[in-house]
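Visitor: only the shape, not the letters, is given here:
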């Protein structure tokens, strides 16, 4: 583009500002000053107002956020945290020292009760041994076990130095065991009778059981020993007595006598064998008497009065 000549300066509207003297100078300077001042001032004020408005809008948005948004982000009831400042630790309340529980008071010792418990226990031991020797668990299991429980209770009380309780428990056990000891003799007699009845009924198994129970209670019981032996031979004895009865009925006195004698050799107390042997003896006596009568009559008939 061609530049205008230095002496001829056009204005912004294209007019020629060339002239002479002061008119040209005034026309060139005044409009330029007015133009620059009028154009710069409005632009600066507009920019300042825009920045202020933007700052106010930003503050308003932050205020709205604090009022409406921040409460939703914070849990209800939670205390607001102070940013940048560490929370001071809450001092713990001093823990009061718990005093230890006082030890349980020891039971008051009673020397008299202790001696009494010892005395009863001294009597209990041989009583218990005596009953155990009779196989008490086979004829009085429950009462004997109950007495044992009382003894155990007494032992526990004695170890805890509760001597009065131990005395009471031992006394209960002594009464129970004493009752059982009084039952020994009647129980033996009852079972002996039961065994004898079983023998009479030819029930060898029941008789053996009864006599064994007696011997368990009293090993040297003579009646029970004899009864047990009889029960063992009972089947064979019954075989022999049955044979003897048949032979006696047939008049075979010698054979019958032999059968009954063999039965008595096995069991001398067997009633059937003894009865059979007695009948054989009667038959033999009767036969001998009849033979004597027959011989007398025969002598009379022959006139032999001396032989008759």
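Guide: Right, received. Where do you want to start? Model, not experiment: these values are computed from the prediction.

Visitor: just checking, which helix or strand succeeds the host helix or strand of residue 213 along the chain?
Guide: Assessed by DSSP states H and E, residue 213 sits inside helix 204-217. Downstream of helix 204-217, the next assigned helix or strand under DSSP H and E is helix 222-249.

Visitor: may I see the buried residues of that next one?
Guide: 223-224, 227-228, 230-231, 233-234, 237-238, 240-241, 243-245, 247-248 (16 or more other C-beta atoms under 10 Å). Yep, even glycine has a C-beta here, placed from its N, CA and C like the rest.

Visitor: any idea which element the residue nearest to residue 244 when sequence neighbours are not counted lies in?
Guide: Once flanking residues are discounted, residue 244 sits nearest to residue 259: 3.4 Å by C-beta to C-beta, 6 or more residues apart in numbering. Here residue 259, judged by DSSP H and E, is contained in helix 253-266.

Visitor: so for that helix, mean pLDDT?
Guide: Averaged across helix 253-266, the pLDDT comes to 96.

Visitor: tell me the helices and strands packed up against that helix.
Guide: Packing partners of helix 253-266 (3 or more C-beta pairs under 8 Å, 6 or more residues apart in numbering; DSSP states H and E): helix 222-249, helix 271-301.

Visitor: kindly state which of the ones you listed is positioned closest to residue 216.
Guide: helix 222-249 (9.3 Å; C-beta to C-beta).

Visitor: I'd like the mean pLDDT over that closest one, please.
Guide: Helix 222-249 comes out at a mean pLDDT of 96.

Visitor: what's the angle from it to helix 271-301?
Guide: 40 degrees (axes from the mean of the first three to the mean of the last three C-alpha atoms, to 10 degrees).

Visitor: who are the packing partners of helix 222-249?
Guide: helix 184-200, helix 204-217, helix 253-266, helix 271-301.

Visitor: where does the prediction get shaky in the stretch 101-250 of the chain?
Guide: Low-confidence segments of the stretch 101-250 of the chain, defined by pLDDT under 70: 101-108.

Visitor: buried ones in stretch 161-177?
Guide: Quick answer for stretch 161-177 (16+ other C-beta under 10 Å): 162-174, 176-177.

Visitor: any residues touching it, and which ones?
Guide: 106-107, 109-110, 113-114, 116-117, 120-121, 123-124, 127-128, 131, 143-144, 146-148, 150-151, 153-155, 157-158 (C-beta atoms under 8 Å, 6 or more residues apart in numbering).

Visitor: can you check stretch 249-257 too?
Guide: In contact with stretch 249-257 (C-beta under 8 Å, 6+ apart) are residues 244-245, 247-248, 276-277, 280-281, 283-284, 287.

Visitor: again, only this time at 7 Å
Guide: For stretch 249-257, contacts defined as C-beta atoms under 7 Å, 6 or more residues apart in numbering pick out 244, 247-248, 276-277, 280, 283-284.

Visitor: repeat that for stretch 129-139.
Guide: Contacts of stretch 129-139 (C-beta under 7 Å, 6+ apart): 144, 177, 180-181, 184, 187, 213, 216-217.

Visitor: can you give me the buried ones in it?
Guide: For stretch 129-139, by 16+ other C-beta under 10 Å, it's 131, 134, 136, 139.

Visitor: between the contacts of stretch 129-139, which has the most around it?
Guide: residue 177 (23 neighbours; other C-beta atoms under 10 Å).

Visitor: so that residue: helix, strand or coil?
Guide: Assigned with DSSP: H, G, I helix; E, B strand; the rest coil, residue 177 falls in the helix class.
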